[in-house]
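# Predicted model follows, preceded by the sequence.
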Amino acid sequence: MIRRTLLTLAAAAVTLAACGQGGAEKAAGADAPLIVGATAVPHAEILEHIKPLLAAEGVEIEIKVFNDYVQPNTQLAERRLDVNYFQTKPYLDEFNASRGSDLITVAGVHVEPLGAYSRRYRSLAELPQGAQVAVPNDASSIGRSLILLQKAGLIRLRDPANPLQSLRDIVDNPRGLRFRELESATLPRVLDQVDMAVINTNYALDAGLKPRTDALTLEGADSPYVNYLVARPDNRTDPRIVALAAMLRSQAVKDFIARKYDGAVIPAA
């Protein structure tokens, strides 16, 4: 079934690519490895799992692992990558707006419920007055973090529906929480130095945290923050990218995610 789907989609993509400007160049490079940027967990792990499955379909991928959220987009825009797989659409939208890039989503793959963690306290009720809370410092992740904390009853925001909240949008902070904005990748490393940290699940998993049991509060399965495969407008219909997208959305990958991550990563609908 996967083989039939991939071949059908790839054939359609070849036709579309050939019709557009540069189609001949795309077709000529169809046998070259597809260079995919990803963060280590779970994205690169999922890509490693499907690498031999794609190879059996004639699509080779080369996985380039990053430990930050900026370089995978920068290198994709600069054509040093063909696609990347690590980010939500709000993050991509903010990146495009701030950098003047035009990267686009190809396929939604999974959700990583965001969580708040602590080494000092076992529940939100134990958090003291004036607790120091570390949050990601990029615009989309801090907004998401603040929405999580509002749902947990710790703060109140001016507009709970706005995914790009900032600390200035907190209108009620009854416990006097003190916030530190830090690079997302550093948050697990400072967990011993703060009362609580809101950590993206890919970095939490990479640090050995178990979101379902270790998080004091965690987004639900209905989180709208889907992680996407992302490309450029000029290569969106590259048959290798279409094949990769189909594989990432396949039942085989959904089953792998369910087995390996035990609810910490949830396949997108």
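It's in.
# Buried residues, stretch 162-171. List them.
Of the residues in stretch 162-171, those scored as buried under the neighbour-count criterion (16 or more other CB atoms under 10 Å) are 163, 164, 165, 169, 170. (Glycine included, C-beta is placed from N, CA and C.)
# contacting residues for the nearest residue to the last one once chain neighbours are set aside?
Put plainly, it is residue 170. Once its chain neighbours are removed from consideration, residue 170 has its nearest residue in residue 155; the separation is 5.2 Å (CB to CB, 6 or more residues apart in numbering). Taking CB atoms under 8 Å, 6 or more residues apart in numbering as the criterion, residue 155 is in contact with 146, 149, 170, 172, 173, 177.
# give the contact list for the fifth one.
Applying CB under 8 Å, 6+ apart to residue 173 gives the contacts 154, 155, 156.
# The second one now?
Residue 149 makes contact with 116, 133, 155, 177, 198, 217 under the criterion CB under 8 Å, 6+ apart.
# can you rerun that using 6 Å?
Applying CB atoms under 6 Å, 6 or more residues apart in numbering, one finds that residue 149 lies in contact with residue 155.
# three-state assignment of it?
The assignment at residue 149 comes out as helix when based on DSSP: H, G, I helix; E, B strand; the rest coil.
# Using TSV, lay out the contacts of residue 173 together with secondary structure.
Formatted as TSV, the contacts of residue 173 follow (three-state DSSP):
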residue	secondary structure
154	coil
155	coil
156	strand
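# Against residue 159, how distant is the residue nearest to the spatial centre of the chain?
With the centre of the chain defined as its mean C-alpha position, the nearest residue by CA atoms, centre = their mean is residue 87, 3.1 Å away. When distance is defined by CB to CB, to the nearest Å, residue 87 is 23 Å away from residue 159.
# and the buried residues of stretch 162-171, which of them are in strands?
The strands in this structure, assigned by DSSP state E, contain residue 170 from the buried residues of stretch 162-171.
# Which phi and psi values does the residue nearest to residue 170 adopt?
When read as degrees, to the nearest 10, the backbone of residue 155 gives phi -140, psi 170.
# and residue 120, what does it touch?
In this structure, residue 120 makes contact with residue 195, judged by CB under 6 Å, 6+ apart.
# that's a helix at it, yeah?
No. Counting by three-state DSSP, residue 120 is located in no helix; its state is coil.
# how close does it get to residue 146?
Separation of residue 120 from residue 146 (CB to CB) stands at 21 Å.
# Residue 220 too?
From residue 220 over to residue 146 the distance is 17 Å, taken as CB to CB.
# Neighbour count: these two, which is higher?
The neighbour count for residue 220 versus residue 146, taken as other CB atoms under 10 Å, is higher for residue 146 (26 against 9).
# check contacts around the closest residue to that one other than its chain neighbours.
Here the nearest residue to residue 146 in space, its sequence neighbours aside, is residue 165; by CB to CB, 6+ apart that works out to 4.6 Å. Residue 165 makes contact with 143, 146, 157, according to CB under 6 Å, 6+ apart.
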